[in-house]
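**Q** Requesting a structural model of the entry that follows:
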Amino acid sequence: FRCCICLGRVSHAQMCTSCSKMCCMTCIHQWLEQRSSCPHCRAPLTLDQLVSCRFVQELTEELDKLRKKTKTPDNELCSSHQAPLYYFCSTCHTSICSDCAMFGENHRGHKFEHLAAVYDRHVEMVKVEASALRRRLKDLMALKKKIDSNVDAIKKAKEERGNELALAFEQMQQRLEIAQRGKVGSLQVRQDMLSGEIAALEGMLNELHGHLDSTPKAEFIARCAELTKVLQELHRQPPSQYFQRVDTSFASELVPAYDAASFALTDFTPRRAAGAVVYSNLFESCGIGWRLKVYTNGNGAARGNYLSVFLEMTKGRPGLARYDYRVEMHSKRQQQQTGSVQCVFREFSSDFEVGECWGYNRFYRLEHLARDGFLDMDGIVLKFYVRASNYAQQARDLQLQVNMLETERARDSVIIAKLRRQIEDMEVRDTSRYGMMTDKDAGGDKIRYTPRREGYESRDRVGPTRPSPNRDIPPPSLPSATSIVPSVASSSSSSSPSSAHSASIDIPTRHYQPTPIRPSADP
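**A** Below you'll find the model as predicted:
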């Protein structure tokens with residue numbers, strides 16, 4: 001039995017004689033203090049006309065015994081009246097009981113709705129957001145499947161290419177593994193992001209379902225705005241950003257042959273006494289400039305005990321690039337005595353950039369050079385080899401050389417065009433000194449040049465106008481050729497104790513030599 005005023009359980013039921021509706025004794029007394037009519041049928045009603053229904057109390061107690069297992073939780077009762085929360089105040093955005101709605105001064109004149117209707121509306125809003133999340137989850141799982149397929153394709157392509165390169169150099173195989181890790185790594189990051197978000201979304205959906213099933217209505221309504229905002233933020237970002245297809249191909253590379261050059265270091269003893277640093281002539285391989293840098297008395301901790309030899313890159317492309325290099329020192333005495341060549345060599349691979357040196361502080365002991373026949377006639381012979389680590393890098397070096405030559409050709413074309421314009425200007429100035437008329441009597445295109453000033457002899461000639469006599473035409477000023485690549489500091493591998501030993505970067509400059517202009521012979 002429910003009260004027609006508070007819609008709650010009837011307490012000490014009082015019945016209207018006109019409509020037989022029952023109300024709580026407290027509710028109807030408060031109602032009749034303000035009005036003198038029935039709250040349901042609006043018929044005139046006073047306190048003495050009410051009929052007490054004691055049987056309702058007994059029935060209610062029996063029903064309470066049956067419903068004791070489904071007792072309303074305390075968090076769904078009004079804190080002021082301990083009555084169930086059946087209404088939602090749209091003005092205050094809070095859940096209230098019937099007493100607060102009917103008699104509370106704090107909610108007088110406010111707009112009320114049934115709590116169940118408000119709850120259903122909020123549940124529908126959350127379900128809409130949850131459906132969007134389900135679609136997002138489906139899209140993310142599809143993207144994850146694509147990434148898995150892409151990773152499998154990359155691994156399969158790597159295995160196929162690896163079978164072809166099984167007999168290649170070990171360093172080649174390492175670069176292949178590095179390439180695979182680079183390709184799969186970028187996908188692995190996105191895959192981990194997708195896995196993390198999928199797990200988070202699944203957990204959030206489970207938590208959301210738990211809230212819908214267990215959270216009290218009033219508390220859920222209070223947190224609904226926050227939950228909706230979080231859910232909207234989650235599916236606002238498009239899922240396509242997680243997948244970018246990675247190329248599955250791997251280039252087949254083989255190591256090119258060495259390019260070699262020799263360096264004969266003479267006057268070794270006085271150079272060693274002076275602690276000189278000697279450089280070899282510039283050697284160019286595939287557009288990359290190299291030279292040897294020799295510390296005759298050693299470098300750094302090896303000073304005074306060892307010969308130090310370094311390889312320096314003087315010209316190249318910007319950034320680091322790996323090159324294989326080998327330095328040999330030959331013994332002439334052994335070759336003369338036995339006919340075989342005895343040499344000491346060091347071989348390694350390093351990452352070079354322009355101006356950087358890599359080599360060996362302790363290449364050979366100075367005191368053993370003469371004993372082992374490497375020092376002959378106060379000189380030693382060094383031979384150095386260098387190569388790109390693969391053909392792909394060699395092609396890049398050659399492309400750099402082609403670009404540099406094209407730049408020089410374009411610059412030369414500009415210079416040639418300027419010189420041609422100067423020649424044309426001189427011809428125009430020379431023709432302005434002569435009169436010009438057509439000799440029709442000659443029956444041809446013969447041109448007669450008549451001097452406008454006295455003292456010049458008239459002469460006939462066929463063809464272009466006569467140029468001026470030899471003139472010292474200075475070549476146009478050319479900007480000094482700059483390096484195609486920025487200069488960088490020398491590597492710490494060839495650290496020098498003083499600035500006098502620091503590596504200098506030689507930038508080749510192209511000098512233009514103009515061809516003298518010769519006058520045409522008189523006819």
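**Q** What is the neighbour count of V246?
**A** 17 (other C-beta atoms under 10 Å). (Glycine included, C-beta is placed from N, CA and C.)
**Q** And what about it, helix, strand or coil?
**A** coil (DSSP: H, G, I helix; E, B strand; the rest coil).
**Q** Check A503 and give its pLDDT.
**A** You'll see A503 listed with a pLDDT of 34.
**Q** ok, now Y242?
**A** pLDDT, Y242: 62.
**Q** now swap in Q393 and tell me
**A** So, for Q393, pLDDT stands at 86.
**Q** ok, the residue nearest to it when sequence neighbours are not counted to H40 distance?
**A** Nearest residue to Q393 in three dimensions, chain neighbours excluded: A321, at 6.2 Å (C-beta to C-beta, 6 or more residues apart in numbering). Separation of A321 from H40 (C-beta to C-beta, to the nearest Å) stands at 94 Å.
**Q** Which of those two has more residues huddled nearby?
**A** Neighbours were counted for A321 and for H40 using other C-beta under 10 Å; A321 has more, 19 against 16.
**Q** List phi and psi for that one.
**A** Note on A321: its backbone torsions stand at phi -150, psi 140 [degrees, to the nearest 10].
**Q** In the chain, where is pLDDT below threshold?
**A** Applying pLDDT under 70 to the chain flags residues 67-74, 165-166, 168-169, 172, 237-243, 251-253, 333-341, 433-523.
**Q** Check the gap between the residue nearest the centre of it and L320 for me.
**A** The residue lying closest to the centre of the chain (C-alpha atoms, centre = their mean) is S186, at 10.6 Å. When distance is defined by C-beta to C-beta, S186 is 21 Å away from L320.
**Q** how about the strands in the stretch 301-450 of the chain?
**A** 306-315, 321-331, 342-352, 357-365, 380-388, 434-438, 447-451 (DSSP state E, counting those that start in this stretch).
**Q** List just the one of those strands that sits closest to M15.
**A** strand 342-352 (99.0 Å; C-beta to C-beta).
**Q** That closest one pairs with which strands?
**A** strand 321-331 (antiparallel) (DSSP bridges).
**Q** Now do the partner strand against strand 357-365: the angle between them, please.
**A** 20 degrees (axes from the mean of the first three to the mean of the last three C-alpha atoms, to 10 degrees).
**Q** Give me the buried positions along strand 321-331.
**A** Neighbour counts over strand 321-331 (16 or more other C-beta atoms under 10 Å) mark A321, Y323, D324, Y325, R326, V327, E328, M329, H330, S331 as buried.
**Q** Distance from that strand to the middle of the chain?
**A** Strand 321-331 sits 36 Å away from the centroid of its parent chain (C-alpha atoms, centre = their mean, to the nearest Å).
**Q** Is it possible to get TSV of the strands of the stretch 301-450 of the chain that adds distance to Q30?
**A** Shown next, in TSV, are those (distance: least, C-beta to C-beta, whole Å):
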stretch	distance to Q30
strand 306-315	99
strand 321-331	93
strand 342-352	91
strand 357-365	98
strand 380-388	98
strand 434-438	128
strand 447-451	131
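**Q** which helices and strands sit right next to the longest helix seen in the chain?
**A** Ordering each helix of the chain by length in residues (DSSP state H) puts helix 115-164 first. In terms of contacts (3 or more C-beta pairs under 8 Å, 6 or more residues apart in numbering; DSSP states H and E), helix 115-164 is packed against strand 85-89, helix 170-214, helix 217-234.
**Q** okay, the ones you listed, which one's buried deepest?
**A** Counting by mean count of other C-beta atoms under 10 Å, strand 85-89 has the highest mean neighbour count of those, with a mean of 22.
**Q** what's the spacing between R121 and F283?
**A** 83 Å.
**Q** quick one, which of those two is more surrounded?
**A** F283 (19 against 13).
**Q** and the gap between the residue nearest to F352 when sequence neighbours are not counted and D397?
**A** Closest residue to F352 apart from its sequence neighbours, by C-beta to C-beta, 6+ apart: M313 at 4.5 Å. Distance, M313 to D397, using C-beta to C-beta: 11 Å.
**Q** shared neighbours of those two, which are they?
**A** I288 (C-beta atoms under 8 Å, 6 or more residues apart in numbering).
**Q** sorry, back to before: report the contact partners of the residue nearest to F352.
**A** Taking C-beta under 8 Å, 6+ apart as the test, what M313 contacts is I288, G289, W290, Y323, F352, E353, V354, G355, E356, C357.
**Q** now do E347
**A** Contact analysis of E347 by C-beta under 8 Å, 6+ apart lists D324, Y325, R326, V327.
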